[in-house]
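A.B. asks: Predicted model, plus sequence, below.
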Amino acid sequence: MTTAPPAGTIAATRLGWRFWVALVAWTAVVSGFVLGLMTFGRLFALALGNALGSEPSMHEQVAVWRWFVGIAISLGAAAVAAAVAQRWVAFVLALLIAAACAFFAVGLFTNVRSTVAPVAPVEHVDPGPPPCACYSGSVCDCPGG
């Protein structure tokens, strides 16, 4: 006859998939928050340099923009994982931080978006000659006329 291990021991507790998904979601939320603060610090440094008369280079702006976009995308995935694991606080925090990073990326860096994803150049096409309008009984130069 086998007996069950006492409650509270390692063998008695099985960690299900929800625990691991929640652990990944919470890790992403905490690291996204820390990385978001660090990236906001870089944004603040760019703004302070601009206020003191230095124009930030496009390379510096693109780097900050990419960090904000990356954090927003990864926290969007973490929000989905938190919703699947039914960890609603992690879900809300992931969405809030992702929305803040997306706001900074889209709202503050309008000139960077045109640099990162340039639009296709517009081609100028010369219109051809107008179609021939020959009528019966007239002299016309139309091909096949």
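C.D. replies: That came in fine, so what should we check first? Numbers count the residues shown, from 1 in each chain.
A.B. asks: From here on, just use CA atoms for contacts and neighbour counts.
C.D. replies: Noted.
A.B. asks: gap between residue 26 and residue 16?
C.D. replies: Per Cα to Cα, to the nearest Å, residue 26 is found 16 Å from residue 16.
A.B. asks: Looking at those two, which has the bigger crowd around it?
C.D. replies: Per other Cα atoms under 10 Å, whichever of residue 26 and residue 16 has more neighbours is residue 26, with 22 against 8.
A.B. asks: packing partners for the host helix or strand of residue 93?
C.D. replies: Residue 93 belongs to helix 88-108 when assigned by DSSP states H and E. Applying 3 or more Cα pairs under 8 Å, 6 or more residues apart in numbering; DSSP states H and E, we find helix 88-108 packed against helix 17-51, helix 58-84.
A.B. asks: at 6 Å what do you get?
C.D. replies: The elements that helix 88-108 packs onto, with contact taken as 3 or more Cα pairs under 6 Å, 6 or more residues apart in numbering; DSSP states H and E, are helix 58-84.
A.B. asks: what is the mean pLDDT for the helix it packs on?
C.D. replies: The average pLDDT within helix 58-84 is 92.
A.B. asks: Check which residues of it are buried.
C.D. replies: Buried residues in helix 58-84, defined by neighbour count with 16 or more other Cα atoms under 10 Å: 61-62, 64-65, 67-73, 75-83.
A.B. asks: quick one: contacts for the residue positioned nearest the centre of the chain?
C.D. replies: Nearest residue to the geometric centre of the chain (Cα atoms, centre = their mean): residue 69, 3.9 Å. Contacts for residue 69 (Cα atoms under 6 Å, 6 or more residues apart in numbering) come out as none.
A.B. asks: try 10 Å this time
C.D. replies: 75, 98, 101, 102, 103, 104, 105, 106 (Cα atoms under 10 Å, 6 or more residues apart in numbering).
A.B. asks: again with residue 55
C.D. replies: 46, 47, 49.
A.B. asks: Assign the closest residue to the first one other than its chain neighbours to helix, strand or coil.
C.D. replies: Right, the one you point to is residue 46. Among residues not flanking residue 46 along the chain, residue 56 sits closest, at 6.2 Å (Cα to Cα, 6 or more residues apart in numbering). Three-state assignment for residue 56 (DSSP: H, G, I helix; E, B strand; the rest coil): coil.
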